[in-house]
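# Using only what follows, build the 3D model:
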Amino acid sequence: MAEIVIKGVAKRFGAFTALHSVDLTIADQEFMVLLGASGCGKTTLLRIIAGLETPSEGEVWIGGRRVDHLPPRERGIAMVFQNYAVFPHLTVFENIAFGLRMAKLPQAEVDRRVTRTAELMHIEQLLKRYSGELSGGQRQRVAVARALAMEPDVILMDEPLSNLDALLRLEMRAELKGVLAESKTTTIYVTHDQVEAMSLADRISVMNGGYIVQADRPTEVYRNPAARFVGSFIGNPPMNFLPAKAEGAGRWQVAGLGFDGPNARAAEFAIRPEDLHPAESGLRAEVRVVEPLGPHVLVTAQVAGQPFRAIVESDRQIAPGETLTLAPIPDRIRWFDPETQKALP
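Numbering: from 1, shown residues only. Predicted coordinates for the structure are as follows:
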């Protein structure tokens, strides 16, 4: 079992607090993604789990064992870095075998593990080549194979695909997900790329300002953001937000239209761009820019003086300067508290 439990972990660098009392449980064999913008604390949290940083307070448990006082080599982890950290003067075989040799495993066991992980990553034909001769994608596979060869309880990955081109990233995402599921290894993956997060994760922990704002399944994070920040960060384009004015108990006026909503003192209306459709009645949007996206069109507009985006079918002719009437799908509307920024029931 390699369940990871983070209990009240905080990290301060002088007067700056990078993490604020973070609590998080990652199940055995779960693929958890830490997602957020630069400076949100995701890499700091990963480094604390790895033992590369010491928490200012709090505890880290792996497999039922407290490890925050242990050095990295005693935590049962392996790490894949953004820059791969493969050795150009060694063959692929020796790169994968490096940690195994440091652990003084018998040659037969080294051969077995290197062969197995090379086959998993589809690089068995490269074992005799030097890593300096490989492409970026091949070096990434070597780095992952080296981590898997250690048969760790936990693999930590710090933006491992960020140096690859878009097509190769797509290929490696699918490969990583399959390989790590087969290896049955608990994985923590750090990224600022929401597409990576949505496609890879069993659960996503969205981080902002040193806090975990929401930790849930990708579909839940996307459809039911727990805070305004999550709705504005997840999605490309992100959620639209409009101010709402109370008309009575559970009734709100938004840009001249009435909607049923929460029983609250104040509220903000939110809807995703793909959850709108042109209709005879709805929100009046003044079109500014039209961007064709193959089967869909991204419309950038203004509603009641606020920026607003909609994704509509491309067979509809829309031109800048016209007024488009957009009807929200009722059960896709979300509401947020303007003061706390948290979702309203």
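
# Just the strands from the stretch 151-300 of the chain, written as ranges.
Taking DSSP state E, counting those that start in this stretch, the strands of the stretch 151-300 of the chain run over residues 154-158, 186-191, 203-208, 211-216, 240-243, 245-248, 251-254, 257-260, 268-271, 276-293, 296-303.

# Next, the angle from whichever helix or strand comes after the last one to strand 296-303.
Okay, so that is strand 296-303. On the C-terminal side of strand 296-303, the closest following helix or strand by DSSP states H and E is strand 306-313. Angle of strand 306-313 versus strand 296-303, following axes from the mean of the first three to the mean of the last three Cα atoms, to 10 degrees, is 150 degrees.

# what's strand 306-313 in contact with?
Residues outside strand 306-313 that contact it (Cβ atoms under 8 Å, 6 or more residues apart in numbering): 237, 240-243, 255, 273-274, 276-278, 283, 285, 293, 295-302, 318, 324, 326. Any C-beta I mention is one placed from the backbone N, CA and C, and that applies to glycine too.

# With just CA atoms, put that strand into CSV.
Output in CSV follows, covering the C-alpha atoms of strand 306-313 (Å, rounded to 0.1, in the frame of the first residue of the first chain):
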residue,chain,number,x,y,z
GLN,A,306,-18.8,42.5,-19.4
PRO,A,307,-16.5,40.3,-21.5
PHE,A,308,-18.3,37.1,-22.6
ARG,A,309,-17.4,34.1,-24.8
ALA,A,310,-19.6,31.4,-26.4
ILE,A,311,-18.8,28.3,-28.5
VAL,A,312,-21.4,27.7,-31.2
GLU,A,313,-21.8,25.5,-34.2
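
# and that strand, which strands flank it?
If you go by DSSP bridges, strand 306-313 pairs up with strand 296-303 (antiparallel).

# Flag every buried residue along the strand it pairs with.
H296, V297, L298, V299, T300, A301, V303 (16 or more other Cβ atoms under 10 Å).

# Run through who's touching the helix or strand harbouring G99.
Secondary structure from DSSP H and E places G99 in helix 92-102. By Cβ under 8 Å, 6+ apart, the residues outside helix 92-102 that reach it are 78, 86-87, 90, 109-110, 113-114, 117-118, 123, 126-131, 134, 142, 145-146, 149-150.

# what's the spatially most central residue of the chain in contact with, if anything?
For the chain, the residue sitting closest to the mean C-alpha position, by Cα atoms, centre = their mean, is A197 at 3.1 Å. By Cβ under 8 Å, 6+ apart, the contact set of A197 is V33, L35, T191, I204, P218.
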